[in-house]
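Trainee: Build me a model from this:
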Amino acid sequence: MRYEDVRDRLNSRLFRPVRLVQTDGTAYVVDQPNTAVVTRSYVAIFMADDPNEPTVLARQIQLDLKHLIRIEELGEPGQTFNFSASEN
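Mentor: This next block holds a predicted model:
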């Protein structure tokens, strides 16, 4: 996927939570725009370790844009979800 497409989607003025899906089916939820950073080659997603402290971002994963196949919208602007990785 092109970095411009991912960047524009995550930096939208009316951000909507999204799921980023990789070629192997692994998916990551981005529920706030400030928890993902897009570079020319990957997306860094910052996640909380403790569901009781969702604003303390303690982990980071990197998704190679070559393996990002789909961005799925999950909800309305302002709606939040728990960060997680999942297998489809």
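Trainee: switch to C-alpha atoms for all contacts and neighbour counts from now on
Mentor: Will do.
Trainee: Settle this for me: Leu74 is touching Val18, isn't it.
Mentor: Yes: judged on Cα atoms under 8 Å, Leu74 makes contact with Val18 at a distance of 5.2 Å.
Trainee: The residue nearest to Arg19 when sequence neighbours are not counted is in what secondary structure piece?
Mentor: Spatially, and ignoring its direct neighbours in sequence, Arg19 is nearest to Val29 (4.4 Å; Cα to Cα, 6 or more residues apart in numbering). Taking DSSP states H and E as the definition, one finds Val29 inside strand 26-30.
Trainee: Name every strand pairing with that strand and say which way it goes.
Mentor: Applying DSSP bridges to the sheet, strand 26-30 is found paired with strand 18-22 (antiparallel), strand 85-87 (antiparallel).
Trainee: Quick check: mean pLDDT of that strand?
Mentor: Averaged over strand 26-30, pLDDT sits at 92.
Trainee: Convert it to CSV, retaining C-alpha atoms only.
Mentor: Coordinates of each C-alpha in strand 26-30 appear next as CSV, following Å, rounded to 0.1, in the frame of the first residue of the first chain:
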residue,chain,number,x,y,z
THR,A,26,-3.1,-10.2,11.2
ALA,A,27,-5.0,-7.0,11.9
TYR,A,28,-4.3,-4.1,14.2
VAL,A,29,-6.8,-1.5,15.4
VAL,A,30,-5.9,2.2,15.4
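Trainee: That strand: what's the following helix or strand?
Mentor: strand 36-38.
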